[in-house]
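Engineer: Pasting the sequence and the predicted model now:
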Amino acid sequence: MKAIKSRKHPITRSQLAGTALAAALMPLGAHAAADAAATTAAATAAPASVAPQSTVEIVGKNETAFRAERASSPKYTERLVDTAQTVQVIKKELFEQQGALTLTEALRSTPGVGAFFLGENGNTNTGDAIFMRGFDTSGSIYVDGVRDVGSIARDVFNVEQIDVLKGPAGTDNGRGAPTGSVNLVTKKANLTDLVTTAITGGSGDQKRITFDANQVLDEQRGIAVRLNVLAQDSGSAARDVVENKRWAVAPSIGFGLNGPTRVHLDYLHVDQDNIPDGGVYVIGLPGYTSPDRARPWVADAPKVDPKNFYGSVDDYDDVKADMATVRIEHDFSPTMKLHNTSRYGKTSQDYLLTAFLTSAANLATPVQGDPRTWTLARSIRTGKDQENRILTNVTTLTSQFDTGAVSHTLVTGLELTSERQTTRGLSGLGTLPAANIYRPDPRQAPITPVDVRRTGAYNEGQVDTQSVYVFDTVKVGERWIFNGGVRLDHFRGDYSVVALTNNVLTPTRFKVGENLVNGKLSALYKPTANSSVYAMVASSRQPPGASFTVSGNANSAQNPIYEPQKTVTTEFGGKLDLLKSRLSLSAALFRTDVENEVEQDPADLQYYQTGEKRVQGVELGATGALAPHWLISAGYLYLDTSVERGRNVTAAGENSLTYTPKQSFTAWTSYDLPWGLRIGGGARFSDKLARGTDGAIGTPAHTDSYWVFDAMLGYKVSKNVDLRLNLYNIGDEKYVAAINKSGYRYTPGTPRSASLTANVRF
């Protein structure tokens, strides 16, 4: 199936703005009256501002398998329809139907979010390297509201839902990405007995089993235990040699789950043993010419097999992660509730990857016109020995009170966090002989043997943050909701760098410190009980060194002399719940301005803090049930990006942000037929990706847009057993999922493939 080029169907910003506002406002008159009574009754049964576990059953009456009533964070006290910001909740029922196994796969349910950037200088991104609305969001991933660091591909076997917050999250989470954050809500012990297991097999030698058991030990005292287990040993449907092997265990115990004081003790251990993917040579892709003007015939060479693996079978990516969490919830009264979360986490990564650069010097063409003789120098072997640790305590107090005719929901909080990252220098990575471009042999013996050992050099950073925040949600009558929030972060980083030069270790130490203040302000009007229109403005700050890397080198993006990156987002939108609040529609117009960007000039290779970028656009969404047995989740995103001030543009010279699709669309729907049959399917569209500029010659300046279609068929064999068949990329579309900065390497999209899952309940 041919890719549909977005330029053949131009859509103007004014048309999109009209579409967004129409989607938000037009249905109000047609549907509001029918749903108002049902929504009012639900609001009376459950206070809108607080959602403790004891009221899950009441709140859940308006939920569907795809639609959530509210976000998980205690900082978001209102229902989603009354929240003045773009927040998408992806429930486990949705990503399970899609057969998504990792966070990156589950995020396909939200438009414009993905792992579009492969890496640079021979380095390949590992773990969840997520871009959102034009910026890297990998450092803004949270688990149960606590920052989760480390290069790990997060599995969703222990995830209940995923909250995707669009826009600056500085007031909610402190330092972070300019355009949003992702929060994973884990499975916890509850007062329902269950035992389920899922067994999956499929393309790419996929073998996977999960186990989920919850047992009530003492119903009167509210004591229960839960255990989630995962084991997977799979290859890749798209690539040769690549392996994804992991196992994990997640026990949880809860006390007082039906009382005013609820305690959860959770633990997670993950062990990954993977063969990483360094990408595929881009020769033959649209836009490829030749890295060597003396050999122009290279531009006409055929495309390589996307399954080709240019690394070594000796490459590895070993990750171990441990996370221990204590969560305490206490209801002082129906109007005052306390949440306290303490966590210790540790993630270590041991990594070796063979990569390549296809410059003229590395691309050997000894016989003109015979591509079978061409070889590619595998001149880069990168290694990583890194450990991340976090120790944190987060306390949030939620209280409700009235001042005259005005109702308040006040959220105050204190966060104490210490994060440490240590990266050690390695030697003895070995070198490999050149690989044949069209028939690479990953089993070739290295020229110099692999004898990986630490050199004594290392980078170590410790970031300590003390934060206080306050949010006040003010309700004036039945129509108006105002929200204001402010957060103060005292950020302090202490960094030690021990460099190895001419076999001499040279230590250097740096310190950075900042007081970061962020704010959020919104006004929301409710035309009816189940609809809203709103305006919001919010800020975010990201200081140098926040990613644990700091340098005293004047020519460095992480020099502590630089000011924090500043972000301001404004958003106007509307939300509407239909069909007795089982279907939610949303539309938003937004603009994000990012200042103090540190960027490297491609001409003189010096760094300057002169960058200013802008992202603006429209996002539409629909989630819930169209009918009793018909579910849907859909979203569309249009982005207009620009470099307002600075030196960096795309490789094609366009004034837009790199690795950011201009238009994105995602949809998934399923319908339950009689006889225990369920059918479903979805579509995903991603516009072209423009890559960065670094002087590379002959490589594609951008990737092409593409459509991908998936399908699902489920059958209930008995009350305890059901089967699910997932078909991916049924049109076998050939597309580029991610590309590196120079355009030498890319990650091919998954071709036509399938998986079969048996779900068994005891």
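Structural biologist: Arrived safely, thanks for sending.
Engineer: For Asp212, list each beta-bridge partner.
Structural biologist: Beta-bridge partners for Asp212, by DSSP bridges, are Thr196, Asn228.
Engineer: ok, which stretches of the stretch 651-762 of the chain are strands?
Structural biologist: 663-673, 677-686, 706-716, 721-728, 736-739, 745-748, 753-761 (DSSP state E, counting those that start in this stretch).
Engineer: ok, now the stretch 201-350 of the chain?
Structural biologist: Counting by DSSP E, counting those that start in this stretch, the strands of the stretch 201-350 of the chain are 206-218, 223-234, 244-255, 261-274, 280-281, 316-333, 336-355.
Engineer: Could I get the phi/psi values of the nearest residue to Pro296 once chain neighbours are set aside?
Structural biologist: Computed as C-beta to C-beta, 6 or more residues apart in numbering, the closest residue to Pro296 that is not its neighbour in sequence is Ser290, at 5.5 Å. Where C-beta positions appear, they are placed from N, C-alpha and C, glycine not excepted. The phi and psi torsions at Ser290 (degrees, to the nearest 10) take the values phi -160, psi 140.
Engineer: Ser290 - how many residues pack around it?
Structural biologist: 21 (other C-beta atoms under 10 Å).
Engineer: For it, list the residues it contacts.
Structural biologist: Residues in contact with Ser290 (C-beta atoms under 8 Å, 6 or more residues apart in numbering) are 296-299, 697-698.
Engineer: What of Met336?
Structural biologist: If you count contacts by C-beta under 8 Å, 6+ apart, then Met336 has 397-400 around it.
Engineer: any idea which of those residues is closest to Val504?
Structural biologist: Nearest to Val504 among those: Leu397, at 53.7 Å, using C-beta to C-beta.
Engineer: check which helix or strand covers that closest one.
Structural biologist: Here Leu397 sits within strand 380-403, counting by DSSP states H and E.
Engineer: Each with direction, which strands does that strand pair with?
Structural biologist: Strand pairing (DSSP bridges) places strand 380-403 next to strand 336-355 (antiparallel), strand 406-427 (antiparallel).
Engineer: Name the residues of the longest one that come out as buried.
Structural biologist: It stands for strand 406-427. Of all the residues in strand 406-427, those buried under the rule 16 or more other C-beta atoms under 10 Å are 407, 409-411, 413, 415, 417, 419-426.
Engineer: One more: the first one?
Structural biologist: Buried residues in strand 336-355, counted by 16+ other C-beta under 10 Å: 337-343, 345-355.
Engineer: Repeat that for stretch 91-104.
Structural biologist: Buried residues in stretch 91-104 (16+ other C-beta under 10 Å): 91-104.
Engineer: Show me the two of those that sit farthest apart.
Structural biologist: Largest pairwise distance in the buried residues of stretch 91-104, by C-beta to C-beta, is 18.9 Å, between Glu93 and Thr104.
Engineer: circling back to that earlier point, minimum distance to Thr382: which of the strands paired with strand 380-403 has it?
Structural biologist: Of all those, strand 336-355 comes closest under C-beta to C-beta, at 5.1 Å.
Engineer: buried ones in the strand holding Leu397?
Structural biologist: 380-390, 392, 394, 396-400.
Engineer: where are the low-confidence patches of the stretch 1-150 of the chain?
Structural biologist: In the predicted model, the stretch 1-150 of the chain carries pLDDT under 70 at residues 1-61, 121-122.
Engineer: rerun at 90
Structural biologist: 1-64, 115-129, 131, 134-140, 147-150 (pLDDT under 90).
Engineer: That one: strands as residue ranges?
Structural biologist: With DSSP E, counting those that start in this stretch as the criterion, the stretch 1-150 of the chain has strands spanning 87-91, 113-114, 131-132, 135-136, 141-143, 146-147.
Engineer: worst-scoring helix or strand of the chain, pLDDT-wise?
Structural biologist: helix 56-59 (a mean of 34; mean pLDDT, DSSP states H and E).
Engineer: per-stretch mean pLDDT over the strands of the stretch 201-350 of the chain, give me the minimum one.
Structural biologist: Least confident of the strands of the stretch 201-350 of the chain, judged by mean pLDDT, is strand 280-281 with a mean of 91.
Engineer: Given that one, what are its sheet partners and their directions?
Structural biologist: strand 745-748 (antiparallel).
Engineer: now could you export just the CA positions of the partner strand as PDB?
Structural biologist: Extracted C-alpha coordinates of strand 745-748, given in PDB (Å, rounded to 0.1, in the frame of the first residue of the first chain):
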ATOM      1  CA  ARG A 745      20.900   4.900   9.600                       C
ATOM      2  CA  TYR A 746      17.200   4.300  10.100                       C
ATOM      3  CA  THR A 747      14.800   2.000  12.000                       C
ATOM      4  CA  PRO A 748      12.400   0.300   9.600                       C
END
